[in-house]
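>>> just the structure for this:
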Amino acid sequence: MDFQQTIDSIKDWWKSLGIEQKILGDASYDAVQVSVFFVTFFAIGFLFKKYLRFIFMSLLITFLVIKGLEYYNLVHVDWGSLKSMAGFEPTATLQMMYNKITIWIRTNMVVFLSSFVGFVVGYKLG
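You can find the predicted model right below:
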């Protein structure tokens with residue numbers, strides 16, 4: 001199951017609850033979705049500023065250890081599978097990934113903007 005399928009299944013589960021129609025109608029579903037993304041990315045931005053150096057160094061060391069183990073043939077990393085888990089084709093190039101991300105942003109502009117604003121506000125307050 002790739003990332004987009006996971007998101008779609010979560011959306012289907014959320015819609016099956018029928019919460020948006022019980023509260024204020026269909027418009028409240030969008031308000032709840034925007035609020036959830038804002039709060040989530042606010043927390044991510046807040047924690048990102050507080051722990052940027054630790055997170056960056058941890059990810060860098062982890063990546064270098066994995067690449068070193070892969071270089072000495074102690075571990076095999078299937079990068080194509082990692083790409084497909086993220087919702088990209090295994091043979092995708094950086095340009096193809098960029099295009100897919102920009103298409104997602106265009107189709108989900110309100111969610112993207114609420115996430116971006118939440119991240120920036122959390123980062124500034126962190």
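
>>> residue 30: what secondary structure?
Assigned with DSSP: H, G, I helix; E, B strand; the rest coil, residue 30 falls in the helix class.

>>> state the number of residues packed around it.
Other residues near residue 30 number 12, with proximity taken as other CB atoms under 10 Å. C-beta coordinates here come from the backbone N, C-alpha and C atoms, glycine included.

>>> give me the helix or strand of the chain that scores worst on average pLDDT.
helix 19-23 (a mean of 53; mean pLDDT, DSSP states H and E).

>>> please enumerate the helices of this protein.
Here the chain has its helices, by DSSP state H, at 3-17, 19-23, 26-50, 52-71, 79-85, 94-107, 109-125.

>>> by mean pLDDT, show me the worst of those helices.
With a mean of 53, helix 19-23 has the lowest mean pLDDT of those.

>>> spit out the contact partners of residue 126.
With CB atoms under 8 Å, 6 or more residues apart in numbering as the criterion, the residues that contact residue 126 are 45-50.

>>> which among these end up buried?
45-46, 48 (16 or more other CB atoms under 10 Å).

>>> could you export those residues to TSV, including columns for distance to residue 68?
Below are the buried ones among the contacts of residue 126 laid out as TSV (distance: CB to CB, whole Å):
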residue	distance to residue 68
45	32
46	33
48	27
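
>>> residues near the residue nearest to residue 87 when sequence neighbours are not counted, how many?
Leaving out its chain neighbours, the residue that sits closest to residue 87 by CB to CB, 6 or more residues apart in numbering is residue 3, at 4.1 Å. As a burial measure, residue 3 scores 12 neighbours (other CB under 10 Å).

>>> I figured residue 3 hits residue 86, correct?
Yes: between residue 3 and residue 86 there is a contact under CB atoms under 8 Å: 5.5 Å.

>>> could you check how far the residue of the chain positioned farthest from its centre is from residue 110?
Farthest-out residue of the chain from its mean C-alpha position, per CA atoms, centre = their mean: residue 72, at 31.6 Å. For residue 72, the distance to residue 110 (CB to CB, to the nearest Å) stands at 47 Å.

>>> coming back round to it: let's have the contacts of residue 126 in a markdown table, adding distance to residue 33.
Listed next are the contacts of residue 126 as a markdown table, based on distance: CB to CB, whole Å:
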| residue | distance to residue 33 |
| --- | --- |
| 45 | 18 |
| 46 | 21 |
| 47 | 22 |
| 48 | 22 |
| 49 | 25 |
| 50 | 26 |
